[in-house]
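Student: generate a structure from the sequence data that follows.
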Amino acid sequence: MTPRTHSGRASGHIRGTNRQRETDSSQSARLPPKTSVVPTLADRVERLERQHRRLANTVAALARHAGISVGPPCTACGDCYLLFEHGRLRCPACGRVEIP
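Tutor: Residues are numbered from 1 along each chain as shown. This is a model prediction of the structure:
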């Protein structure tokens, strides 16, 4: 058997380059392009803002219909807005009552 004679540097360099190209192409196939992610997040934020606005309008209308007002967030629990009725502020979540 005669040993093969070739330049290890040249063939190693070519192999490394090819391997890098294969890695780059396989990674781009796995990851979605950044531009497709951004509109999706923007659409979700816009949808949530519209939903929040509708809920706020609905709560305000229900409060007017019931003869109460929606006040600031509860300082005790922070889970709900205080409801103002009969001269008192009441939290529907924790039951805290304040007389202003």
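Student: when you work out contacts or count neighbours from here on, use the C-alpha atoms and nothing else.
Tutor: Fine.
Student: walk me through the domains of the chain.
Tutor: 33-67, 68-100 (automatic domain parsing).
Student: dump those into JSON lines; add mean neighbour count as well.
Tutor: Output for the domains of the chain, formatted as JSON lines (neighbours: other C-alpha atoms under 10 Å):
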{"stretch": "domain 33-67", "mean neighbour count": "12"}
{"stretch": "domain 68-100", "mean neighbour count": "15"}
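Student: now these in a markdown table, with mean pLDDT?
Tutor: Output for these, formatted as a markdown table (pLDDT from 0 to 100):
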| stretch | mean pLDDT |
| --- | --- |
| domain 33-67 | 89 |
| domain 68-100 | 92 |
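Student: and the next helix or strand past the longest helix along the chain?
Tutor: Longest helix of the chain, by residue count under DSSP state H: helix 34-66. Following helix 34-66 in sequence order, the next helix or strand is strand 69-73 (DSSP states H and E).
Student: adjacent strands (with direction) for the very next helix or strand once past that next one?
Tutor: Using DSSP H and E, the helix or strand that follows strand 69-73 in sequence is strand 81-85. Strand 81-85 has its sheet partners listed here by DSSP bridges as strand 69-73 (antiparallel), strand 88-90 (antiparallel).
Student: what's in contact with the first one?
Tutor: What it means is strand 69-73. For strand 69-73, the external contacting residues (C-alpha atoms under 8 Å, 6 or more residues apart in numbering) are 60, 63, 79-85, 89.
Student: C-alpha coordinates for stretch 92-100, CSV please?
Tutor: Extracted as CSV, the C-alpha positions of stretch 92-100 are listed here (Å, rounded to 0.1, in the frame of the first residue of the first chain):
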residue,chain,number,x,y,z
PRO,A,92,-65.3,43.6,44.7
ALA,A,93,-62.2,41.3,45.0
CYS,A,94,-61.1,41.7,48.6
GLY,A,95,-64.2,43.4,50.1
ARG,A,96,-62.3,46.3,51.5
VAL,A,97,-64.5,49.3,52.1
GLU,A,98,-63.4,52.9,52.3
ILE,A,99,-65.4,56.0,53.2
PRO,A,100,-64.0,59.0,51.4
